[in-house]
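K.L.:
Dropping the sequence and predicted coords here.
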Amino acid sequence: MDKRLNEFKDKMQKSYDSLMKDYAAIRAGRANPHILDKLTVDYYGAPTPIQQVANVTVPEARMIQITPWEPKLVKEVEKAIMMSDIGINPTNDGKNIRLVFPDLTEERRKELAKEVKKMGENGKVAVRNVRRDANDFVKKLSKEEDVSEDETKDLQDQIQKLTDEYVAKVDSAIENKTKEIMTV
């Protein structure tokens, strides 16, 4: 039975990890190379992540420098960045591409904080959906097999504790990311 609980715990952990990955892509006024994670370039006919065809560095707090390993990729990488929703125009010196992050306005910080909260709420919904699936599994188990009411109640209590733990983790992540965004 613990094996099944671990399965549900893994699903909750994956929901949390997904949220953290999404949070890593939100820029908070500082340069963060994870903002490029979802961008791909055409590399010999295959869509390839930028990090696999270029060296991505953060030489300054508000700048990302991308140095493609092949000079012909400079234009491809620049095009991918311009077509994305990053909202920063790249500058290109022929060998390197630089992304300079402007200071965030107070209004933009508030918008990002709202977005962080919304993403966090979606993360909590995902965790609660796993709880629902786990509880459905326990109910089904209690009907099919010889599981006592006490065992069923214990399992549901364990599932609720797991859910509370992950919801608290998500709340903490929301608070930390909001604080990071609102810090000037």
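P.N.:
On my side now, so go ahead. Just so it is clear, the structure is predicted and the values come from calculations on it, not from any experiment.
K.L.:
Could you point out which residue ranges in the protein have low pLDDT?
P.N.:
Applying pLDDT under 70 to the chain flags residues 1-2, 27-29, 184.
K.L.:
just the strands in it please.
P.N.:
Under the criterion DSSP state E, the chain contains strands at 40-43, 46-49, 54-60, 63-68, 91-92, 97-100.
K.L.:
Each with direction, which strands does the fourth one pair with?
P.N.:
Next to strand 63-68 in the sheet, as set by DSSP bridges, lie strand 54-60 (antiparallel), strand 97-100 (antiparallel).
K.L.:
Just want to check the distance between the residue nearest to Val56 when sequence neighbours are not counted and Ala61.
P.N.:
Counting by CB to CB, 6 or more residues apart in numbering, Pro33 is the residue found nearest to Val56 once chain neighbours are left out, at 4.8 Å. Glycine gets a C-beta too; all of them are placed from N, C-alpha and C. Applying CB to CB, to the nearest Å, the value for Pro33 to Ala61 is 13 Å.
K.L.:
re earlier: who's in contact with the residue nearest to Val56?
P.N.:
Applying CB atoms under 8 Å, 6 or more residues apart in numbering, we find Pro33 in contact with 51, 56-58, 64.
K.L.:
Show me which of these are buried.
P.N.:
Buried members of these, scored by 16 or more other CB atoms under 10 Å, are 56, 64.
K.L.:
from the contacts of Pro33, which two are the most distant?
P.N.:
Taking CB to CB as the measure, those span a maximum distance of 12.8 Å, between Gln51 and Val58.
K.L.:
one step back: tabulate the strands of the chain (JSON lines), appending distance to Ile26.
P.N.:
Output for these, formatted as JSON lines (distance: least, CB to CB, whole Å):
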{"stretch": "strand 40-43", "distance to Ile26": "20"}
{"stretch": "strand 46-49", "distance to Ile26": "18"}
{"stretch": "strand 54-60", "distance to Ile26": "16"}
{"stretch": "strand 63-68", "distance to Ile26": "15"}
{"stretch": "strand 91-92", "distance to Ile26": "23"}
{"stretch": "strand 97-100", "distance to Ile26": "15"}
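K.L.:
and of the ones you listed, who's closest to Ser172?
P.N.:
With CB to CB as the criterion, Ser172 lies closest to strand 54-60 of the strands of the chain, at 25.6 Å.
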